[in-house]
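*Asks:* here's a sequence, model it:
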Amino acid sequence: MLKEVWSGEGLEQVRRLYEASFPEAEKKPFSFMLEKRQEGFFDILAIEDEEGGFCGLAIMLLSGDIALVDYLAIATECQGSGLGGRALEELRQRYGAERIVVEIERTTGAAGELAHNRQDRLRRKAFYLRNGMTSAELLVELMGVEMEVLTFGRKLTFQEYYDMYDRVIPGSIDRMVRPVE
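*Replies:* Numbering: from 1, shown residues only. Predicted structure coming up:
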């Protein structure tokens with residue numbers, strides 16, 4: 001179901017879904033991820049259904065002993081089929097559950113409770129919790145967006161989180177990430 005894509009129509013499908021699925025404030029330039037993939041920092045995966053049809057994407061940021069589910073999206077026509085949960089399970093098998101980390105827009109505090117997309121945030125968090133993830137008890141501001149960090153039980157310090165990004169974007173991360181109290 002997960003298939004690494006490097007070029008052609010598969011990569012174009014991933015790019016189109018990526019561009020359509022995430023808020024501008026949370027997107028990295030696709031060209032940046034392609035460039036950093038050559039250095040071993042990203043895996044770009046298509047999620048396929050049983051017939052091999054394109055249904056979604058998983059973009060993983062790989063840094064040290066952390067595998068961040070940077071972006072996970074299921075195409076609208078494939079939603080509700082269980083593909084998201086199965087993809088998350090495949091990611092656990094591929095990278096090891098103890099390595100996997102995900103960031104979601106904050107659901108608590110003023111940033112979460114007053115958000116225009118509060119229901120989407122709560123639905124997203126429920127998906128990850130239903131699939132075995134738990135809070136890492138870490139709140140961060142990433143590119144101006146307050147995020148909660150979830151894992152499959154791994155405790156993660158802010159320093160580990162910071163170092164993950166600093167390896168990928170050395171020297172630039174100070175402007176992009178900070179802890180939220």
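
*Asks:* for the rest of this, base every contact and every neighbour count on C-alpha atoms.
*Replies:* Noted.

*Asks:* got the residue ranges for the helices in the protein?
*Replies:* Here the chain has its helices, by DSSP state H, at 8-21, 30-37, 83-95, 109-113, 118-130, 158-168.

*Asks:* weakest of those helices in terms of mean pLDDT?
*Replies:* Mean pLDDT is lowest for helix 109-113 among the helices of the chain, at a mean of 91.

*Asks:* contacts for that one?
*Replies:* The contact list for helix 109-113 (C-alpha atoms under 8 Å, 6 or more residues apart in numbering) reads Glu105, Arg106, Thr107, Arg118, Arg121, Glu146.

*Asks:* residues of that helix that come out buried?
*Replies:* Gly112 (16 or more other C-alpha atoms under 10 Å).

*Asks:* what residue is smack in the middle of this protein?
*Replies:* Asp70 (2.5 Å; C-alpha atoms, centre = their mean).

*Asks:* against His116, how distant is that one?
*Replies:* Distance, Asp70 to His116, using C-alpha to C-alpha, to the nearest Å: 22 Å.

*Asks:* which residues touch the residue nearest to the centre of the chain?
*Replies:* Ala58, Ile59, Met60, Leu61, Val102, Glu103.

*Asks:* which of the residues you listed fall in strands?
*Replies:* In strands, judged by DSSP state E, the following of the contacts of Asp70 are found: Ala58, Ile59, Met60, Leu61, Val102, Glu103.

*Asks:* closest one to Gly40 out of those residues, please.
*Replies:* For these, the residue nearest Gly40 by C-alpha to C-alpha is Leu61; the value is 9.0 Å.

*Asks:* list the contacts of that closest one.
*Replies:* Residues in contact with Leu61 (C-alpha under 8 Å, 6+ apart) are Phe41, Phe42, Asp43, Ala67, Leu68, Val69, Asp70.

*Asks:* and the two most separated of the contacts of helix 109-113?
*Replies:* Applying C-alpha to C-alpha across the contacts of helix 109-113, the maximum distance is between Arg118 and Glu146, 13.0 Å.

*Asks:* ok, these two, which is more surrounded?
*Replies:* Just comparing Arg118 and Glu146: by other C-alpha atoms under 10 Å the higher neighbour count belongs to Glu146, 22 against 17.

*Asks:* for the more buried one, give its distance to Leu57.
*Replies:* Between Glu146 and Leu57 the distance is 23 Å, computed by C-alpha to C-alpha.

*Asks:* one more: Gly85?
*Replies:* Here Gly85 is placed at a distance of 13 Å from Leu57 (C-alpha to C-alpha).

*Asks:* out of the two, which sits in the busier spot?
*Replies:* More crowded of Gly85 and Leu57, by other C-alpha under 10 Å: Leu57, with 28 against 16.
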